[in-house]
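Engineer: Have a look at this prediction, sequence included:
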Amino acid sequence: MSPVADPARYDLEGLRDRVLAEEAGEVDDSIPELAGADADLCAIALALPDGTVRGSTQADVPFSIQSAVKPFLFALALLDTGGDALHRIGIEPTGEAFDAIKLESGTGRPPNPMVNAGALLTAALVDGGDVEGRSERIRRGLAAFAGRELDVDEDVARSEHLLGDRNHALAHLMRAEGTLEVGADDAVAVYARACATLVDAEALAVMGATLACGGVNPVTGDRVLPERSARDVVSVMATCGVYDGSGRWMRSVGIPAKSSVSGAIVLSAPRTLGAAVISPPLDERGTSVRGRVASERLSDELGLHVFG
């Protein structure tokens, strides 16, 4: 077995150069703003428990968080409902696409918080009396995870809202089942704004590290989430965070993670570090091709596989 590298000295630039050779994958085109993403964007960042944040070239380039927001929406829903969100949403993997029109049989609950149905519901469970109130609560909550102020790309939010037909269908289905208590359009609007939150690789790595550190932001020192809730979120990331590829991910990478159609991946290695990768070209399951390769190499070279 090769010696395990020190995360504080690990050659992120060298890793970036190695994964740039991967040219497979296609940029998501579900909305115009994503279709126009720079396919050459590639960045990797690490955030350590002592507050050290390290990033490669382009680690400060902003992008919309998209589905990588889902663990944090789940966390905020747990926080704002006193843990009741655990009973409102399933936690089992689906083996289906992230936007499958499917709820739990017999309960009408979303299968888990990492698919679109679950994220629509978690976004609706956070505090706030209307779209603006819940959206502001989410923005502030995400900023606490990142340890900095975060903006929203209004063009992305508008497109997500107007073109998210399957999200509207899921919201109406949950309304019909009685699991969604706010209006369907309101739920989609809040979720769309959450997905349109702008981060960069360094901010996303800190967000992952906050979960990995039991809910304490390692940069600010603030407790953002109770330790038990952080454990719950990371557990569901491990089983459901890469959709119908989660089993393969845990076998090969072995780090709880959440993928996203923007090409971002956020990783939380418990008690060890948070990491983020951004590279827009995706594989057939919607996971960044370079992101997967970078994550496998980080896992191997830093000894991060939870079953290693």
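Structural biologist: Everything's here; your move. A quick note: this is a predicted structure, and the numbers were derived from the prediction, not measured.
Engineer: Every contact and neighbour count from this point should use C-alpha atoms.
Structural biologist: Will do.
Engineer: so where does the closest residue to Ile101 other than its chain neighbours fall, helix or strand?
Structural biologist: Spatially, and ignoring its direct neighbours in sequence, Ile101 is nearest to Leu170 (6.1 Å; CA to CA, 6 or more residues apart in numbering). Here Leu170 sits within helix 165-177, counting by DSSP states H and E.
Engineer: before we move on, what about Arg109?
Structural biologist: Going by DSSP H and E, Arg109 is not in any helix or strand.
Engineer: What separation do you get for it and Thr94?
Structural biologist: 13 Å (CA to CA, to the nearest Å).
Engineer: Equivalent analysis for Gly291, please.
Structural biologist: Separation of Gly291 from Thr94 (CA to CA) stands at 22 Å.
Engineer: And the two? Which one has more around it.
Structural biologist: Gly291 (28 against 20; other CA atoms under 10 Å).
Engineer: State the distance from that one to Ala100.
Structural biologist: For Gly291, the distance to Ala100 - CA to CA - is 24 Å.
Engineer: next one: Pro280
Structural biologist: The spacing between Pro280 and Ala100, counted by CA to CA, is 22 Å.
Engineer: In terms of neighbours, single out the busier of these two.
Structural biologist: Counted by other CA under 10 Å, Pro280 and Ala100 do not tie: Pro280 has more neighbours, with 30 against 15.
Engineer: where in the stretch 1-150 of the chain is pLDDT low?
Structural biologist: 1-3 (pLDDT under 70).
Engineer: Secondary structure element holding Ala45?
Structural biologist: Counting by DSSP H and E, Ala45 is found in strand 43-47.
Engineer: can you pull the pLDDT of the nearest residue to Leu48 once chain neighbours are set aside?
Structural biologist: Closest residue to Leu48 apart from its sequence neighbours, by CA to CA, 6+ apart: Leu273 at 4.7 Å. You'll see Leu273 listed with a pLDDT of 98.
Engineer: Who is Leu273 paired with across the strands?
Structural biologist: For Leu273, the beta-bridge partners are Ala269 (DSSP bridges).
Engineer: shouldn't it be in contact with Val216?
Structural biologist: No - in this structure Leu273 lies outside contact range of Val216 using CA atoms under 8 Å: 12.0 Å.
Engineer: in the protein, which spans are strands?
Structural biologist: Using DSSP state E, the strands of the chain run over residues 43-47, 53-55, 63-64, 198-199, 257-259, 264-269, 273-278.
Engineer: Export these to CSV and append columns for distance to Ile31.
Structural biologist: Listed next are the strands of the chain as CSV, based on distance: least, CA to CA, whole Å:
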stretch, distance to Ile31
strand 43-47, 22
strand 53-55, 28
strand 63-64, 12
strand 198-199, 16
strand 257-259, 17
strand 264-269, 16
strand 273-278, 18
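Engineer: Can you give me the end-to-end span of stretch 77-94?
Structural biologist: Distance across stretch 77-94, first residue to last, is 21 Å (CA to CA).
Engineer: Please apply the same query to stretch 139-152.
Structural biologist: The first and final residues of stretch 139-152 sit 8 Å from each other (CA to CA).
Engineer: If you count neighbours, what's buried in it?
Structural biologist: 139, 141-147, 150, 152 (16 or more other CA atoms under 10 Å).
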